[in-house]
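Trainee: just coords:
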């Protein structure tokens, strides 16, 4: 029985800029995810393609799961205790 290849395109994430209020889609390569020891130190960031603002937003468990599953580069932050 022949198999049909899956049609898989690049993963895109919807995002919005709090500065200029633009809404857009970003590829995994346009986002960065930092996972820290607490909710305050776990966030994702990107540069707004409309106004070039550096945007940083908190990332809860579901966001972390979606971004890592979509191929976003992840930095694990270590505590210095």
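Mentor: Received it, and whenever you're ready, just let me know what you need. None of these values were measured; they are calculated from a predicted model. Numbers count the residues shown, from 1 in each chain.
Trainee: can you give me the strands in this structure?
Mentor: 12-16, 23-27, 32-35, 43-47, 54-58, 73-76 (DSSP state E).
Trainee: In a markdown table, list those along with mean pLDDT and distance to residue 65.
Mentor: Where C-beta positions appear, they are placed from N, C-alpha and C, glycine not excepted. As requested, those are exported to a markdown table (pLDDT from 0 to 100; distance: least, CB to CB, whole Å):
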| stretch | mean pLDDT | distance to residue 65 |
| --- | --- | --- |
| strand 12-16 | 96 | 13 |
| strand 23-27 | 97 | 17 |
| strand 32-35 | 96 | 11 |
| strand 43-47 | 97 | 12 |
| strand 54-58 | 97 | 14 |
| strand 73-76 | 93 | 11 |
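Trainee: quick one, which of those is nearest to residue 64?
Mentor: strand 32-35 (6.4 Å; CB to CB).
Trainee: quick one: buried residues of the closest one?
Mentor: For strand 32-35, burial by neighbour count (16 or more other CB atoms under 10 Å) applies to 32, 33, 34, 35.
Trainee: same for it, what does it pack against?
Mentor: With contacts taken as 3 or more CB pairs under 8 Å, 6 or more residues apart in numbering; DSSP states H and E, strand 32-35 sits against strand 43-47, helix 61-69, strand 73-76.
Trainee: Residues touching the second one, excluding its own?
Mentor: Helix 61-69 is contacted by residues 13, 28, 31, 33, 35, 42, 44, 59, 74 when judged by CB atoms under 8 Å, 6 or more residues apart in numbering.
Trainee: farthest pair in these?
Mentor: 28 and 42 (17.6 Å).
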